[in-house]
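**Q** would you be able to build a 3D model of this:
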Amino acid sequence: MSLSKYQQKFKLVMNDIEELHYNWRTAYCPIQRNFYQQKLIEKIYEAMRFIEGLSEKLKYVEVEKSIRENKIFTLEELKNFDGTNGKPAYVAVDGIVYDVTLIASWGGASHFGLLAGNDFTKEFNDCHGDRNMLKKIPVVGTLSL
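**A** Next comes the predicted model:
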């Protein structure tokens, strides 16, 4: 099911909930109020199941996107991702290619004189060494040898 179909279905469910809520609020007869209240609860549970299903689908889409985006870069290809002219800024460390485009310390596609589009394994190990900081940076692929 496409995302727009999910949006349409969700809109229908929400419209049903709004209508049932209105009917429940405006019903004078206790039997009618009880009827609308039960239908409202059922519709809310339906909406919750729908959201859970959509959440699972979105997780699958994210994994699929992640797999599709992870590519193998040569050093020459990596040089094209230098952050100039609207291109993303990528750097490699220990064979992993990271997208530093939105990383504040890489503003302007440079970091203390180092320019994006290169392998900085030696520089990273000499300066940082702590791999935990890399976990926060999006991985876009690997560097071929």
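
**Q** C-alpha only now, for contacts and for neighbours.
**A** OK.

**Q** all helices for this structure, in order.
**A** Ranges of helices within the chain are 3-26, 30-69, 75-79, 121-127, based on DSSP state H.

**Q** what residues are up against Thr74?
**A** When contacts are counted by CA atoms under 8 Å, 6 or more residues apart in numbering, Thr74 touches 143-145.

**Q** one more time with 10 Å, if that's ok
**A** Thr74 is in contact with 142-145, counting by CA atoms under 10 Å, 6 or more residues apart in numbering.

**Q** how about Asp130?
**A** Applying CA under 10 Å, 6+ apart, we find Asp130 in contact with Phe124.

**Q** quick one, domains of the protein?
**A** Domain assignment for the chain by automatic domain parsing gives 3-69, 71-143.

**Q** show the buried residues in the contacts of Thr74.
**A** Among these, those classed as buried by 16 or more other CA atoms under 10 Å are 142-143.

**Q** ok so, going back, of the helices of the chain, which is nearest Pro138?
**A** Using CA to CA as the measure, helix 30-69 is the one of the helices of the chain that comes nearest Pro138, at 9.8 Å.

**Q** what is the burial count for Val91?
**A** Counted with other CA atoms under 10 Å, residues neighbouring Val91 total 27.

**Q** could you do Asp94 as well?
**A** Applying other CA under 10 Å, we find 13 residues neighbouring Asp94.

**Q** the residue nearest to it when sequence neighbours are not counted and Gln8, how far apart?
**A** Distances taken as CA to CA, 6 or more residues apart in numbering place Thr121 nearest to Asp94, at 5.3 Å, with adjacent residues excluded. With distances taken as CA to CA, to the nearest Å, Thr121 is found 48 Å from Gln8.

**Q** hang on, the earlier thing: for Arg131, see how far away the residue nearest to Asp94 is.
**A** Relative to Arg131, and taking CA to CA, Thr121 is found at 11 Å.
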